[in-house]
Structures are given as structure tokens and as C-alpha cells.
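Engineer: Provided below for reference: sequence and predicted model.
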Amino acid sequence: MRKYDIDLYKKKLQKKLDSDRYEHTIGVAYTAASLAMRYKYDVNKALIAGLLHDNAKCISYEKKIQLCEKYNIHLSEVEKENPALLHAKLGAFLAMHKFNITDKDIISSILYHTTGPFSSAQRRSTSTVFFKSRIGIICIESAPFLWLYYNLYLAMFQDVYH
């Protein structure tokens, strides 16, 4: 298993993100890691995915579009009209090229954390879990999490139904 330099990632993110976004990111990372621990998934992958999921969030819309064009990242008409959606796609690219992340589960988590997978093949091979909490939206992208949404749903509403 690859060792990730979490402290280095945190330092880089602290420089790139505003304080509210950084705080959100740390919360998402630790919550994702906690959920992974609870549901026996790779804690490091979940932590890194949570930590890097918004790494491009504080880049201006104009700069996001420029960077996507510079790196030949395809932009749909919807993305051009709604550049807020680009932070996931650009963030996945930056995770690979600026943070040296090569793990496909981590990259998929970042790429799909706002929209989910698009094609039916992607939907069959992966599952996206969006978990709203007080710290924000947590998304964990990987086939082993297919059943996690159901478990989280039950856990969240357990008191309501019992």
C-alpha cells in the first residue's frame, strides 16, 4: 500500500483554500476516515479522498476554465455555464498532477463528488455516497461503498423509527 504524506497535503491545502473551506475539508477527511473504519474500507484512501475533494474549490471560475483549457480537460456546455461544477473535475486532475495521487478510487471520489458518475457503465462499476452532515457533504466513491448509503440512512434515522 502506498504511503501518503498527509501533512504535506494539509500544508498545500492550507495555502490554497480559504479558512472556511480548509476547515470543511479537514472535517470531511476525518469523517470519511471514520466511516471507512466503521465499514471496513481503506481508511487512508477515504482520508486522502476527503482531504483532496475540494482542492480546486477556491480557484476563481475564470481560472478554472483557463486551467481546463490549458490541460485539455473537456468541458461540457453545462460546465461552461456552471463553472462551480468544474472544481471536481479540475480537482481530480490536480490531485493526480500536483499531489501525485494515482489511486483510481481516490481520483474517482474527487471526480464524482459533486455529480456522481455519468455513464451507465460508470454507475454499474462504482457507487457514490453523499452524506450530509453538519460539516458538509461527504462523498465516498467506490464499489465497496455500494451498501454504505443504506447503512448510513439506517443509522441516521434509527432513532426516528425505533
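Structural biologist: Happy to help now that I have it.
Engineer: which helices and strands sit right next to the lengthiest helix in the chain?
Structural biologist: Assignment by DSSP state H gives helix 19-38 as the longest helix of the chain. When contacts are defined as 3 or more CB pairs under 8 Å, 6 or more residues apart in numbering; DSSP states H and E, helix 19-38 packs onto helix 6-16, helix 43-52, strand 128-133, strand 136-141. For every residue, glycine as well, the C-beta is placed using N, CA and C.
Engineer: Tell me which residues of the longest one come out buried.
Structural biologist: Neighbour counts over helix 6-16 (16 or more other CB atoms under 10 Å) mark 9, 12-13, 16 as buried.
Engineer: And that helix, what does it pack against?
Structural biologist: Using 3+ CB pairs under 8 Å, 6+ apart: helix 6-16 touches helix 19-38, helix 43-52.
Engineer: Let me know which of those is tucked in deepest.
Structural biologist: Of all the helices and strands packed on helix 6-16, helix 43-52 carries the top mean neighbour count, a mean of 24, counting by mean count of other CB atoms under 10 Å.
Engineer: Alpha carbons only: can I get that helix in CSV?
Structural biologist: C-alpha atoms of helix 43-52 as CSV (Å, rounded to 0.1, in the frame of the first residue of the first chain):
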residue,chain,number,x,y,z
VAL,A,43,-9.1,4.4,5.9
ASN,A,44,-6.1,6.1,4.1
LYS,A,45,-7.9,6.2,0.8
ALA,A,46,-11.0,7.7,2.4
LEU,A,47,-8.9,10.2,4.3
ILE,A,48,-7.0,11.3,1.2
ALA,A,49,-10.2,11.5,-0.9
GLY,A,50,-11.9,13.6,1.8
LEU,A,51,-8.8,15.8,2.2
LEU,A,52,-8.4,16.5,-1.6
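Engineer: For it, give me every contacting residue.
Structural biologist: 1, 4, 6, 9-10, 13, 25-26, 28-33, 35-37, 91, 95, 99, 101, 103, 105-106, 109-110, 138, 140-142 (CB atoms under 8 Å, 6 or more residues apart in numbering).
Engineer: check contacts around Asp54.
Structural biologist: Counting by CB under 8 Å, 6+ apart, Asp54 has contacts 17, 21, 24-25, 28, 87, 91.
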